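Chemist: Coordinates for the following, if possible.
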Amino acid sequence: MIKVGVVVGLGDDLAKRLENAKANGFETVQICSWDNNAMTPERAAWVKKTVEESGVSVSTFWCGWPGPASWNFYDGPMDLGLVPESYRHVRTEALIKGVEFAAAAGIKQLATHCGFIPENLNDPLYAGTLIALKRILRVCKRLGVTFLFETGQETPVTLLRTIEDLGGENLGINLDTGNLILYGKGNPVDALDVFGKYVRDFHCKDGVYPVNGRELGHEKAMGEGKVDWKALVKKLKEIGYDGPMTIEREIDGEQQAIDIKKAKDMLEALIAAQ
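Modeler: Model prediction:
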């Protein structure tokens, strides 16, 4: 049975965030952090204890990396993820630290943005990115952690080829439904035909396509964008997906809570109806 989850931040108030998630009917969450300095063994032990006491399960640790991050088509290819050579080494080390942190915290999956993976497999940036990923995957395999690519910055077929070139072990996909649309890279329902067997978790998010060549499209509340949620849930059931559908709403304040509640109700109704 597919369960609906929600993204929570890793902060000193993690216990409160988990308590709030549980109070709102969520049994599963993703924990997200961009603070690599906080990923210490001591904090991992604290996270493990806090999660165990909460009664909420954690599907995935979403791990950020240091350095600049431009969420657009102009600077993004030059500074996002593992693709840019200038930041590749330090980010590889940061993600390895994240894998070790996740394992120590009892979390079996780690997700991140790898950057604008080249469409051209002969691009030298592609070979270098694969080398960095193989270093991370060796640590994942040793510690029993599955590495998840978050979708959006590459086409579905490019992501599929990358997974195949890496051998497919300890690898999966965190399908961000909104990002595929925001980046203009694909339709999330159709993308399941390409890489559906590798999907392990979600960022259930909605949005609209880009309208110029430099800026992403815009995120929308679930049901107000271009994602066909009914078709998505139907296809997930057809391919046998039984993992979580984790909601992400990238705004703050009271409206975020309202939109998450509506998204949860919508997804649970669709899951029950299919």
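Chemist: Where does pLDDT dip in this protein?
Modeler: Along the chain, the model assigns pLDDT under 70 to residues 274.
Chemist: Okay, helices next: where are they in it?
Modeler: In the chain, the helices defined using DSSP state H lie at 14-23, 41-54, 76-79, 85-104, 124-143, 156-165, 177-182, 188-195, 229-238, 254-273.
Chemist: Tell me which of the ones you listed is the most buried.
Modeler: Ranked by mean neighbour count under mean count of other CB atoms under 10 Å, those are led by helix 177-182, which reaches a mean of 27. (C-beta placed from N, C-alpha, C; glycine too.)
Chemist: helices or strands next to that one in the packing?
Modeler: On a contact count with 3 or more CB pairs under 8 Å, 6 or more residues apart in numbering; DSSP states H and E, helix 177-182 meets helix 188-195, strand 199-203, strand 206-207, strand 219-220.
Chemist: Distance from the chain centre to it, please.
Modeler: How far helix 177-182 lies from its chain's middle: 12 Å, per CA atoms, centre = their mean, to the nearest Å.
Chemist: Could you export the helices and strands packed on helix 177-182 as CSV, including distance to Arg43?
Modeler: Formatted as CSV, those follow (distance: least, CB to CB, whole Å):
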stretch, distance to Arg43
helix 188-195, 33
strand 199-203, 22
strand 206-207, 33
strand 219-220, 30
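Chemist: quick one: which of these is nearest Glu100?
Modeler: Closest of the helices and strands packed on helix 177-182 to Glu100 is strand 199-203, at 19.7 Å (criterion: CB to CB).
Chemist: Which stretch among the helices of the chain approaches Trp65 most closely?
Modeler: Across those, closest to Trp65 is helix 85-104 (CB to CB), at 4.0 Å.
Chemist: Contacts for the closest one, please.
Modeler: 36, 39-41, 43-45, 48, 61, 63, 65-68, 79, 81-82, 108-110, 112, 125, 128-129, 132, 135-136, 139-140, 143-145, 147 (CB atoms under 8 Å, 6 or more residues apart in numbering).
Chemist: if you set the cut-off to 7 Å instead, what comes out?
Modeler: For helix 85-104, the surrounding residues in contact (CB atoms under 7 Å, 6 or more residues apart in numbering) are 36, 39, 41, 44-45, 61, 63, 65-67, 79, 82, 110, 112, 128, 132, 135-136, 139-140, 143-145.
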